[in-house]
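> after the sequence you'll find the predicted model.
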Amino acid sequence: MSDSKDNAPKPSAPSSNDVAGNNDPNRRRRGGRNRNPRKKTETPEGKKEAGVTSNAPPKVITSDTRDLGETEEGARRNNRNRNRNKGKSAAPARNVKATPVSESAQSELAAQAELYANDFEMSRSRHSEVLPDVLKKPVIGITCGDLNGVGMEVIIKTLEDKAILDLCTPVVFASSKLASYHRNAINRRDFNFHICDSVDDIHRGKNNLINVWEDNVELSLGTPTDVSGSYALKSIDAAIAAAQLGSVDAIVTAPINKHNIADTIEGFTGHTGYLASAFGNEVLMVLTSEQLKVATVTGHIPVSSVAESLTEEAIINAISILKASLKRDFGKIKPTIAVLGLNPHAGEMGTIGKEEQEIIAPAIAKSQSKDSIIKGPFPADGFFGQGFDMKFDAVLGMYHDQVLIPFKAIAMGTGTNFTAGLEIVRTSPDHGTAMNVAGKGVADENSFRGSLFSAIDVFHQRTMHDEMTKNPLKKQKDKR
């Protein structure tokens, strides 16, 4: 028996069809077509004789070496379509004139050009002016937030810094049992509060905690419950009562879960509306950081309700509250405010929506005054990306996510939620209850610390503003 080599089929001499490529398997896969019609092969001797093969590689002749007759035939084929209209006379060119642009469109185009002509400087601040020799150390009321969230954790981590006591007197409204539970959970057993039964027991130079309840409240860190929401509301109510009595100068609120409080109070949408109702003030939610300040005309409402909630009066009121707050709370002498449109591209001259033309622009026009610069409506999509927010003291958006998304993308973790228009200073961190990390000791307290510092700064700025403006005639006489 021969081995496998002897059984292997021996290659036979190529036939004339093989030489011509008729049996080429690659050619068969191509359906027998020649995919390179502009190329043909020729043996080194020029023409092959029948039955004669050559080991020399075929010479490739490109279309540049084709005979003249074939080239002319190809040219005729390529130009066949070009010659179809030969001999036909061309139609005379028409004079096409554009429809005159309406006066309203011209006016809007001019307004858009003026919108981006930022030939003004941002408002100067009064920080450079003479401050009082002695600043009052404010008493800051602090609410505990949702009992099962990170509120008490960020409060404890912030107040661990003893330098805080040089700036203010903190007063936490909660219970000693809640504080002990969280201290143990995050391993901060060395930190202690000065426990008070009422605001009359507050001790200057210490971290105070007022026992708002003595109940043994069931806690389940990381899970918002009806109990954790209802007792968070007790903390808020106690802080409001202290502020109304004048016992605290500002309120800093730890994060809450709106849903489990709404189960107790119908229509509850958050701190801002609740505080406004308690003090009877028209307020505006403002997010502030070193980089920018943003505010919204509408608050925590569904997106489907935004358009129907927008009115000229609501926008005028929002601009007025924001302008007054920039002056009184942030020391801006001549505030500059950018107002965003509602629709994509600010309505595209009424093509995508008419709220800009019918509501927003008229509200801006009526809000103009010598003591401020109000511009808009700007298209929201490119406003922040092009850095226009850096040219204004504040940006007013029409709804929550329109300005909160860019704000948190730029300043998340360092921002402060401030309630403009409220008779008492109120701030809050820019994050929520963070139930996913509650009780683990890893919550970041930077935003809460920033909120505490902001409350102190705004309190001093507001005090100085009120002092400077309470009797301007008397001040002029004193200068003489």
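Looks like it arrived, so ask away.

> give me the phi and psi for I251.
For I251, the backbone dihedrals are phi -130, psi 130 (criterion: degrees, to the nearest 10).

> domains for the chain, by residue range?
137-281+422-480, 285-414 (automatic domain parsing).

> out of those, the one nearest P92 is which?
Nearest of these to P92, taken as C-beta to C-beta: domain 285-414 at 35.3 Å. C-betas here are computed from N, CA, C, even on glycine.

> how far does that closest one stretch from one end to the other?
17 Å (C-alpha to C-alpha, to the nearest Å).

> also stretch 277-293?
First residue to last in stretch 277-293 (C-alpha to C-alpha) measures 24 Å.

> contacts for that stretch next, please.
240, 244, 272, 275-276, 294-296, 299, 317-318, 321-322, 325-326, 330, 389-390, 393-395, 403-404, 407, 410-411, 414-424, 430, 454 (C-beta atoms under 8 Å, 6 or more residues apart in numbering).

> need the buried ones from those selected in ChimeraX.
In ChimeraX, this line selects whichever of those come out buried by 16 or more other C-beta atoms under 10 Å:
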select :240,272,275,276,294,295,296,299,317,318,321,322,325,326,330,389,393,394,395,403,404,407,411,415,416,417,418,419,420,421,422,424,430,454
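
> buried ones in the longest helix seen in the chain?
With secondary structure taken from DSSP state H, the chain has its longest helix at helix 446-469. Residues 447-465 are the ones in helix 446-469 that count as buried (16+ other C-beta under 10 Å).

> re earlier: can you redo the domains of the chain as a markdown table with mean pLDDT and distance to L109?
Shown next, in a markdown table, are the domains of the chain (pLDDT from 0 to 100; distance: least, C-beta to C-beta, whole Å):
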| stretch | mean pLDDT | distance to L109 |
| --- | --- | --- |
| domain 137-281+422-480 | 93 | 38 |
| domain 285-414 | 93 | 8 |
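
> of all those domains, which one is nearest A93?
domain 285-414 (31.5 Å).

> tell me how far the longest helix of the chain lies from the chain's centre.
25 Å (C-alpha atoms, centre = their mean, to the nearest Å).

> mind giving me the packing neighbours of that helix?
Applying 3 or more C-beta pairs under 8 Å, 6 or more residues apart in numbering; DSSP states H and E, one finds that helix 446-469 contacts strand 139-143, helix 151-159, strand 250-253, helix 312-328, strand 416-420, strand 425-429.

> those: which one's closest to A346?
helix 312-328 (13.9 Å).

> following the chain onward from that closest one, which element is next?
For helix 312-328, the following helix or strand on the C-terminal side (DSSP states H and E) is strand 336-340.

> that older thread, export the domains of the chain to TSV and append columns for distance to S107.
Output for the domains of the chain, formatted as TSV (distance: least, C-beta to C-beta, whole Å):
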stretch	distance to S107
domain 137-281+422-480	37
domain 285-414	10
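
> do you know which of the ones you listed lies nearest T99?
Closest among the domains of the chain, using C-beta to C-beta: domain 285-414, at 14.9 Å.

> can you say which of the helices and strands packed on helix 446-469 is nearest to K375?
The nearest among those, by C-beta to C-beta, is helix 312-328 at 11.1 Å.

> what's the angle from the closest one to strand 416-420?
110 degrees (axes from the mean of the first three to the mean of the last three C-alpha atoms, to 10 degrees).

> distance from helix 312-328 to the middle of the chain?
22 Å.

> quick one: the strands in this structure?
Ranges of strands within the chain are 40-42, 59-61, 139-143, 169-174, 194-196, 208-211, 250-253, 284-288, 293-296, 336-340, 373-378, 394-397, 416-420, 425-429, based on DSSP state E.

> adding distance to K354, write those strands out as JSON lines.
Output for the strands of the chain, formatted as JSON lines (distance: least, C-beta to C-beta, whole Å):
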{"stretch": "strand 40-42", "distance to K354": "69"}
{"stretch": "strand 59-61", "distance to K354": "69"}
{"stretch": "strand 139-143", "distance to K354": "43"}
{"stretch": "strand 169-174", "distance to K354": "48"}
{"stretch": "strand 194-196", "distance to K354": "57"}
{"stretch": "strand 208-211", "distance to K354": "53"}
{"stretch": "strand 250-253", "distance to K354": "38"}
{"stretch": "strand 284-288", "distance to K354": "25"}
{"stretch": "strand 293-296", "distance to K354": "21"}
{"stretch": "strand 336-340", "distance to K354": "16"}
{"stretch": "strand 373-378", "distance to K354": "12"}
{"stretch": "strand 394-397", "distance to K354": "19"}
{"stretch": "strand 416-420", "distance to K354": "29"}
{"stretch": "strand 425-429", "distance to K354": "36"}
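
> nearest to A232, out of those strands?
The nearest among the strands of the chain, by C-beta to C-beta, is strand 139-143 at 7.4 Å.

> list of residues touching the closest one?
151, 155, 168-174, 202, 232, 235-236, 239, 242-243, 247-254, 452, 455-456.

> paired strands for that strand, with orientation please.
Strand 139-143 sits in its sheet next to strand 169-174 (parallel), strand 250-253 (parallel), going by DSSP bridges.

> that one vs helix 446-469, what angle?
Calculated by the same axes, to 10 degrees, strand 139-143 forms an angle of 140 degrees with helix 446-469.

> got the angle for strand 139-143 vs helix 151-159?
Using the same axes, to 10 degrees: strand 139-143 against helix 151-159 is 150 degrees.

> do you know how far L245 is from Y231?
According to C-beta to C-beta, to the nearest Å, L245 stands 22 Å off from Y231.

> and the two? Which one has more around it.
For L245 and Y231, the more surrounded residue by other C-beta atoms under 10 Å is Y231, and the numbers stand at 21 against 9.

> I figured that one hits N148, correct?
No. Shown here, Y231 and N148 do not form a contact pair, counting by C-beta atoms under 8 Å, at 10.0 Å.

> neighbours of the residue nearest to A338 when sequence neighbours are not counted, how many?
The spatial neighbour of A338 that comes closest, neighbours along the chain excluded (C-beta to C-beta, 6 or more residues apart in numbering), is F392 at 4.3 Å. Applying other C-beta under 10 Å, we find 25 residues neighbouring F392.

> got the contact list for F392?
Contacts of F392 by C-beta under 8 Å, 6+ apart are 122, 336-338, 375.
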